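Peer 1: Quick one: sequence plus predicted model below, questions after.
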Amino acid sequence: MPPPSLNSRLAQRRNALLAKSQQQRDALQLQAGRIRQSLAFTDIGLRIGEKIRQHPLIVTGVVAAAFVLKPRKLFSLFNKGMIAWRVWQSIRPKLKAAARKNSGQFTD
């Protein structure tokens, strides 16, 4: 049986290694979250690209609208669309939560 000083040194070393591995897991989890967020944006871009590829008339319509409408009007419409999108993104989770909450109330 090893002397007690060796046991205490081993216990201290084990605790230090456990703390270090926990720090590494935390850092890895943070980095994975950032990567996941970046990949979500990439997925959105890929889906938009796929929709454009499947529906080339959308691109034609946007280009035609750019020629027909004045650039200032087009920019204004774009801004309004972005505002509407942000509002939708902010209320969508609340609507989903309310729908989930109410879905249990109505049973057939």
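Peer 2: Great, that's in hand. Numbering: from 1, shown residues only.

Peer 1: Kindly provide the whole-number mean pLDDT of stretch 55-67.
Peer 2: For stretch 55-67, mean pLDDT is 83.

Peer 1: what comes up buried for that stretch?
Peer 2: By neighbour count with 16 or more other C-beta atoms under 10 Å, stretch 55-67 contains no buried residues. (Glycine included, C-beta is placed from N, CA and C.)

Peer 1: gap between residue 66 and residue 78?
Peer 2: As judged by C-beta to C-beta, to the nearest Å, residue 66 and residue 78 stand 10 Å apart.

Peer 1: same question, residue 31
Peer 2: From residue 31 to residue 78 the distance is 34 Å (C-beta to C-beta).

Peer 1: Quick one: the helices in the chain, in order.
Peer 2: Listed from the start of the chain, the chain has helices (DSSP state H) covering 4-54, 56-68, 71-103.

Peer 1: now the lowest-mean-pLDDT helix or strand in the chain against helix 4-54, angle please.
Peer 2: In the chain, no helix or strand scores lower on mean pLDDT, DSSP states H and E than helix 56-68, which sits at a mean of 83. For helix 56-68 against helix 4-54, the angle by axes from the mean of the first three to the mean of the last three C-alpha atoms, to 10 degrees is 70 degrees.

Peer 1: all numbers from here: first residue = 51
Peer 2: Noted, 51 is the first residue going forward, which turns the last one into helix 106-118.

Peer 1: could you say what helices and strands helix 106-118 packs with?
Peer 2: Counting contacts by 3 or more C-beta pairs under 8 Å, 6 or more residues apart in numbering; DSSP states H and E, helix 106-118 packs against helix 54-104.

Peer 1: and the helix it packs on, what other elements does it pack with?
Peer 2: Right, helix 54-104 is packed against helix 106-118 by 3+ C-beta pairs under 8 Å, 6+ apart.
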